[in-house]
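S.K.: Sequence and predicted structure, then a few things I'm wondering about:
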Amino acid sequence: MVGRKKRELFGCIRDRVWKRVEGWKEKLLSQARKEILMKAIIQAIPSYCMSCFLLPESLLRELEGIASNFFWNNGDKSKIHWVAWPKLCTGKKEGGLGFRNLRAFNLAMLAKQGWCVLKHPDLLICQIWKARYFPHCDFFHAGHNASYTWRSVWEARNVVESGVRWRIGNGRAVRVWDDGWLDRPLTFKLITPHNMFIPDLCVE
């Protein structure tokens, strides 16, 4: 079970990253080699936990700080960070190095779990979540007053919702004003009843 002291619980991730970095400090590494090590090892260490839990922002900032110091410093000698970390997290076409924004990556990994709930509702874990956390509504309206694991998945609902669209069949399950079935938001004033479904728009 995940208690209130989440920072202490996930402290092992920070410790593993720190030990890796400390072991590399004695080696004379170019920034190109540091880039490879950071992408292949340092940023991969928390990946599994990120797919299950929303890690505390303070921990993510600390991990990014460790990575940034390792990239710019030379052994135990501190050097100027010539480029801000958020800039390094942009793509190489935008002038960055493609490092992971850990917060965005964490939400993306959790969004995959949310997509699984929508795409594969017959899976055992999805049936358990449905029965326990949102038996009378859909994933997007489930609420977050539940376990830390479920709250983590539900926190990424906006990532899922921003990228999904309804595939209109008979339209009976698609709410006109609440569900994303058009490519862009409507700019018209709402003058029809709010609780409408697609078939209600049809004229015989």
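M.R.: That came through fine. Residues are numbered from 1 along each chain as shown.
S.K.: in this structure, which helix or strand is least confident?
M.R.: Ranked by mean pLDDT, DSSP states H and E, the helix or strand of the chain with the weakest confidence is helix 6-9, at a mean of 75.
S.K.: CA atoms only for the helix or strand that that helix is followed by, dumped as CSV, please.
M.R.: With elements assigned by DSSP states H and E, the helix or strand that comes after helix 6-9 is helix 11-24. Output in CSV follows, covering the C-alpha atoms of helix 11-24 (Å, rounded to 0.1, in the frame of the first residue of the first chain):
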residue,chain,number,x,y,z
GLY,A,11,13.4,7.5,-2.5
CYS,A,12,14.9,4.3,-3.7
ILE,A,13,14.6,5.6,-7.3
ARG,A,14,16.6,8.7,-6.4
ASP,A,15,19.2,6.6,-4.6
ARG,A,16,19.6,4.3,-7.6
VAL,A,17,20.1,7.3,-10.0
TRP,A,18,22.6,8.9,-7.5
LYS,A,19,24.7,5.8,-7.2
ARG,A,20,24.9,5.4,-11.0
VAL,A,21,26.0,9.0,-11.4
GLU,A,22,28.6,8.8,-8.6
GLY,A,23,30.1,5.7,-10.3
TRP,A,24,30.6,7.7,-13.5
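S.K.: The helix or strand just after helix 11-24: which residues count as buried?
M.R.: Counting by DSSP H and E, the next helix or strand C-terminal to helix 11-24 is helix 31-40. Counting neighbours by 16 or more other CB atoms under 10 Å, one finds that the buried residues in helix 31-40 are 34-35, 37-38. For glycine as for every other residue, the C-beta is placed from the backbone atoms N, C-alpha and C.
S.K.: what do you get for stretch 57-76?
M.R.: 59-60, 62-64, 66-68, 70-73.
S.K.: Now do that stretch: everything it contacts.
M.R.: 7, 10-11, 13-14, 17-18, 21, 24-26, 31, 34-35, 38, 42-43, 46, 78-82, 85, 88, 99, 102-103, 106 (CB atoms under 8 Å, 6 or more residues apart in numbering).
S.K.: quick one, phi/psi of Arg175?
M.R.: For Arg175, the backbone dihedrals (degrees, to the nearest 10) come out as phi -80, psi 130.
S.K.: Can you tell me who it pairs with across the strands?
M.R.: Beta-bridge pairing of Arg175 under DSSP bridges involves Phe197.
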